[in-house]
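Engineer: Turn this into a structure:
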Amino acid sequence: MPHLAQSFSLLLFLITALWAQNTSSDPDEKAIQIIHDSLKTNTGSDKNGCAGEPVLLRGSAHKKSSWLDSSGLRISSSQEIFVNPTQSTFYIFQTDFNGSVHHDTVQVNITPDCPPCSVHTETNIVTPPGKTITLTANTNEHCTRSNCSNRTPPADYLTKGASILSGTAHYVISLHQTASIPEETLFNGSIDVNGGTLIVAGRAILKKINFKSGRIIVTGELTAPYFTISDTLENYGTVNVDSDASIVAPGCINNYGTFSVNGILTLNSRAYNHSKMNIGSDLIQRSNDLFTNECSLVVGNDLHINGTFINKGAAAVTFNTFIRDGSQYITDDGSYITSKNMYVESSIQGGSAGMSSITIQEELYIYKSAYIDGRIDICDKNGIEVNVGKMDKNVSTDCRTAIDGIGGVASFVWYDSMGKIVGTGKSVTITPVVTTTYIVTVIDVNGNSVSDKINIKVE
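Structural biologist: Next up, the predicted model:
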C-alpha cells in the first residue's frame, strides 16, 4: 500500500475529482460516496518489478470494476491487467458496489537495473549405475519478457462540449462533431460515424454501426452485430463483434484492450494489437498492409498471411496457418506461434540475437519458394513433412526452444562432459553409467548466454 501521505493525497484527489463530476444545482442529487473497503475492493499486496518488464495486477471485486492510473485516468475495465511503468508509481482499483464507489490502491515499485538472466540446476547427485534420472534447469524471471501493453487514452479524449448519447435512438456524427457515451451510461441505439469522433466510456450495445470516416475511442465497452472499420479505431477497453468484422483502407486498429470477433476478421488495411485479440473463425490478411501482434493473438480457425505479419508476442492458431507467396512473416526475439498445420510459400524472418519459436502440432510444409532466416526454432511434433525451401544455418529444427509466458522464450541445451548435446528443453532424462558432469546453457530472448553444471556421481 502507498505511504500515509500518498494515500491521503490519493483520497483527496479522488474526492475532489468525483465531487467536481457530481456537483449539481439540484439539491436532491447526491454526490458519489467514496469508501475504501478491502472487503469489497481488494488489489492485494504491493508489487515489485523491473524497468521494461510487465507487472501483473489483479483486482478482486464482485461488481463492475476498472483500473485507474495515478492521475485518476481509467486505463482498463478488466479485473486483471499488465502494466509496464518506467518508474515506481501506484494504481487505483475502482468498483461500484450498491451505488457507491469503492477504491483500493496498489504500489508498484520499479527497479531500474535488474539482474540478468540466470540458471541453476539441482545439487550434485549420487546414483547407482544404469538408473534413469531427470535433470531440470531453473531460470529466474529475467530470461523472458513480454511486449504486452496497457497504454492510456490520449489526455484530451474526453472532449468538453461533446453530445451525450443515451437511449435507443439513431445518431449521425458528422465532420467536426464529437459524441460521447459517458461512464455508467448504457446506449442501445445505432450510430453513423461520418467524419466525427465517437467516445465510448460507458457501454454501447449497438443495433448497427456504420463507421465511414472519423475516429472511435473506446475506454468502456462496445458491442456490435458486425463492424466495418474505415478509419481510426482506438480501443482501450473492450470491443465485441457478434459476427464478422473487417478493416478497409485507410482504416486502422490500435488495440490496447480486448478486441474480440466471433466470426471472421478480414484485414485490408493496418492493424496493431498491443494487448489481447481473439478471433472466433478466420483471420484473413488480404492486402500488402501491416499487421503487428505485440501480445496475445488467438485464432479459432485459420490464419491467412498475404502481407507483412510481425509477431512480437504469442499467437495461437487452432487449425492452419498459410504464409502465402509474396508475403512475409517476421518473428521477433522472444515471440512464438503455435498452429496445428503450417504451409510456408514465402519468407520467414527471425532475429539475430534471441530465439523465437514456431511449433506445429501435425503437418509442416516448407515449399521451394520459401526462405527462412534468423534465430528461429521450428518444432514439428511429427517431423517436417515437406522441406524443400532454403533455410539459414541459424534456423534449428530440434525443438530446443522452451516457451515460457506470453512473448517470452528461452533456449535450453544440455551437454555432457565431452561437449556432446544430450538434450534440449528445461528438463533432460539421462541414464549415466559412469561419474560425469552435465552442463546446461540458456540463451535468453536478447541472445545472452548463461550456463550451470551438475555433477553426477555413479557408485
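Engineer: Neighbours of the nearest residue to residue 57 once chain neighbours are set aside, how many?
Structural biologist: Excluding the flanking residues, the one nearest residue 57 by CB to CB, 6 or more residues apart in numbering is residue 81, at 5.4 Å. No exception for glycine: its C-beta is placed from N, CA and C like everyone else's. Residue 81 is flanked by 22 other residues according to other CB atoms under 10 Å.
Engineer: For residue 81, which residues are in contact?
Structural biologist: If you count contacts by CB atoms under 8 Å, 6 or more residues apart in numbering, residue 81 has them with 56, 57, 67, 75, 150.
Engineer: pLDDT on the one helix or strand it maps to, on average?
Structural biologist: Using DSSP states H and E, residue 81 falls within strand 80-83. For strand 80-83, mean pLDDT rounds to 78.
Engineer: Pull out the buried residues from that strand.
Structural biologist: Residues 81, 82, 83 are the ones in strand 80-83 that count as buried (16 or more other CB atoms under 10 Å).
Engineer: Next, residue 141: phi, psi?
Structural biologist: Dihedral pair for residue 141: phi -80, psi 0, per degrees, to the nearest 10.
Engineer: pLDDT value on it, please?
Structural biologist: 74.
Engineer: and the closest residue to it other than its chain neighbours, how many neighbours does it have?
Structural biologist: The shortest distance from residue 141 to any non-neighbouring residue, by CB to CB, 6+ apart, is to residue 53 (7.6 Å). Neighbour count for residue 53, taken as other CB under 10 Å: 17.
Engineer: for residue 93, same thing?
Structural biologist: Residue 93, neighbours per other CB under 10 Å, totals 25.
Engineer: what do you get for the one 3 residues further on?
Structural biologist: Residue crowding around residue 96 was assessed by other CB under 10 Å; the count is 18.
Engineer: Can you pull the domain assignment for this protein?
Structural biologist: 4-111, 119-144+408-458, 163-398 (automatic domain parsing).
Engineer: quick one, what contacts the residue lying closest to residue 243 once chain neighbours are set aside?
Structural biologist: The shortest distance from residue 243 to any residue other than its chain neighbours is 4.5 Å, reached at residue 263 (CB to CB, 6+ apart). By CB under 8 Å, 6+ apart, residue 263 lies in contact with 241, 242, 243, 244, 245, 280, 281.
Engineer: tell me the contacts of the fourth one?
Structural biologist: The contact partners of residue 244, by CB under 8 Å, 6+ apart, come to 226, 261, 263, 264, 265, 266.
Engineer: Centroid-nearest residue for the protein?
Structural biologist: In the chain, the residue lying closest to the centroid (CA atoms, centre = their mean) is residue 295, at 2.8 Å.
Engineer: List the contacts of the nearest residue to that one once chain neighbours are set aside.
Structural biologist: Once flanking residues are discounted, residue 295 sits nearest to residue 148: 3.9 Å by CB to CB, 6+ apart. With contact set as CB under 8 Å, 6+ apart, residue 148 has these partners: 54, 82, 84, 274, 275, 294, 295, 296, 313, 406, 407.
Engineer: just to revisit the earlier point, pipe the contacts of residue 81 into CSV and attach neighbour count per row.
Structural biologist: As requested, the contacts of residue 81 are exported to CSV (neighbours: other CB atoms under 10 Å):
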residue, neighbour count
56, 12
57, 21
67, 23
75, 23
150, 22
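Engineer: what's the farthest-apart pair in those residues?
Structural biologist: Distance extremes for those: the farthest pair is 56 and 75 at 14.2 Å, using CB to CB.
Engineer: who's in contact with residue 346?
Structural biologist: Residues counted as contacts of residue 346 (CB under 8 Å, 6+ apart) are 323, 324, 325, 326, 327, 328, 329, 369, 370, 371.
Engineer: Got a quick PyMOL command for the buried subset of the residues you listed?
Structural biologist: Typed into PyMOL, the line below selects the buried ones among the contacts of residue 346, using 16+ other CB under 10 Å:
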select buried, resi 323+327+328+329+370+371
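Engineer: picking up where we left off before, from the contacts of residue 81, which is closest to residue 199?
Structural biologist: Closest approach to residue 199 among the contacts of residue 81 (CB to CB): residue 75, at 15.3 Å.
Engineer: per-residue confidence at that closest one?
Structural biologist: With respect to pLDDT, residue 75 has a value of 78.
Engineer: element containing it?
Structural biologist: Assigned by DSSP H and E, residue 75 falls in strand 74-76.
Engineer: roughly how far out does that strand sit from the chain middle?
Structural biologist: Counting by CA atoms, centre = their mean, to the nearest Å, strand 74-76 is centred 15 Å from the centre of its parent chain.
Engineer: what comes into contact with it?
Structural biologist: 66-69, 81, 83, 94, 150-153, 183, 201, 219, 236-237, 257.
Engineer: among these, which ones are buried?
Structural biologist: Judged by 16+ other CB under 10 Å, buried ones among those: 66-69, 81, 83, 94, 150, 152-153, 183, 201, 219, 236-237, 257.
Engineer: Narrow those to those in strands?
Structural biologist: Using DSSP state E, the members of the buried ones among the contacts of strand 74-76 that fall in strands are 66, 67, 68, 81, 83, 94.
Engineer: For those residues, give me a markdown table that also has distance to residue 304.
Structural biologist: Formatted as a markdown table, those follow (distance: CB to CB, whole Å):
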| residue | distance to residue 304 |
| --- | --- |
| 66 | 36 |
| 67 | 35 |
| 68 | 39 |
| 81 | 31 |
| 83 | 33 |
| 94 | 41 |
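Engineer: Of the residues you listed, which pair is most distant in space?
Structural biologist: It's 83 and 94 that sit farthest apart of those, by CB to CB, at 15.3 Å.
Engineer: how close does the residue nearest to residue 141 get to residue 276?
Structural biologist: Plainly put, residue 53 is 19 Å away from residue 276 if you go by CB to CB, to the nearest Å.
Engineer: Kindly report the same for residue 259.
Structural biologist: Computed as CB to CB, the residue 259 to residue 276 distance reads 7 Å.
Engineer: So which of these two has more stuff around it?
Structural biologist: Neighbour comparison, residue 259 and residue 276: the larger count goes to residue 259, with 28 against 21 (by other CB under 10 Å).
Engineer: Kindly state the beta-bridge partners for the more buried one.
Structural biologist: Applying DSSP bridges to residue 259 gives these bridge partners: residue 239, residue 277.
Engineer: is it true that it touches residue 235?
Structural biologist: Yes: taking contacts as CB atoms under 8 Å, residue 259 lies within contact range of residue 235: 5.6 Å.
Engineer: residues shared between the contacts of these two?
Structural biologist: residue 253.
Engineer: mind listing the strands for the stretch 351-459 of the chain?
Structural biologist: For the stretch 351-459 of the chain, the strands defined by DSSP state E, counting those that start in this stretch occupy 356-366, 371-373, 376-380, 386-387, 390-391, 401-403, 409-415, 421-424, 427-430, 436-443, 449-458.
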